[in-house]
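[1] Kindly generate the corresponding structure for this input.
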Amino acid sequence: MSNIHDTQSVIDSPAQSTNEMKSMVNQYLDLHDDELEIKNQYETLVNNYYDLATKFYEFGWGRSFHFAPSKRGESFKDSLLRHQRFLGDKLSLSPGLM
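    Prediction:
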């Protein structure tokens, strides 16, 4: 059973070290130092922002970017699983479609 707060969801593989994450954050922050640089590196700025945001969301919520109402006493993971099954039923999804 996998942990929904598995740190591997933040660091995609062992090769992507903490130093690489720090480098990505620093590169993103450095782009804010100079208005001309922001314009020249806008694509990099936007891509780094969304890459970092995605990693933080995955760390906090696992691989599910949706939320689910939870029933009293239900764990976060169980509420997500129940809601995913509900959505699958509503969409008439069956095994093997994805």
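[2] Show me which helix runs longest in this structure.
    helix 42-61 (DSSP state H).
[3] Mind giving me the packing neighbours of that helix?
    Counting contacts by 3 or more CB pairs under 8 Å, 6 or more residues apart in numbering; DSSP states H and E, helix 42-61 packs against helix 18-30. All C-beta spots, glycine's among them, are computed from the backbone N, C-alpha and C.
[4] Tell me who's in contact with residue 42.
    Applying CB atoms under 8 Å, 6 or more residues apart in numbering to residue 42 gives no contacts.
[5] pLDDT score assigned to it?
    We have a pLDDT of 85 for residue 42.
[6] Could you shift the numbering so residue one becomes 367, and keep it that way?
    Will do, 367 is the new start, and the previous item becomes residue 408.
[7] That one and residue 462, how far apart?
    41 Å (CB to CB, to the nearest Å).
[8] Helix or strand next in line after the longest helix of the chain, which one?
    helix 442-456 (DSSP states H and E).
[9] Report the angle between that next one and helix 408-427.
    On the basis of axes from the mean of the first three to the mean of the last three CA atoms, to 10 degrees, helix 442-456 is oriented at 110 degrees to helix 408-427.
[10] Check which helices and strands helix 442-456 is in contact with.
    Based on contacts counted as 3+ CB pairs under 8 Å, 6+ apart, there is no element that helix 442-456 packs against.
[11] Any buried residues in it, and which?
    Within helix 442-456, the residues that count as buried by 16 or more other CB atoms under 10 Å are 443, 446, 449.
[12] Distance to residue 434 and pLDDT added to those, as CSV?
    Shown next, in CSV, are the buried residues of helix 442-456 (distance: CB to CB, whole Å; pLDDT from 0 to 100):
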residue, distance to residue 434, pLDDT
443, 10, 85
446, 5, 85
449, 3, 89
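[13] May I ask which helix or strand encompasses the residue lying farthest from the centre of the chain?
    Within the chain, residue 402 marks the point farthest from the mean C-alpha position, 29.9 Å out by CA atoms, centre = their mean. Using DSSP H and E, residue 402 falls within helix 401-406.
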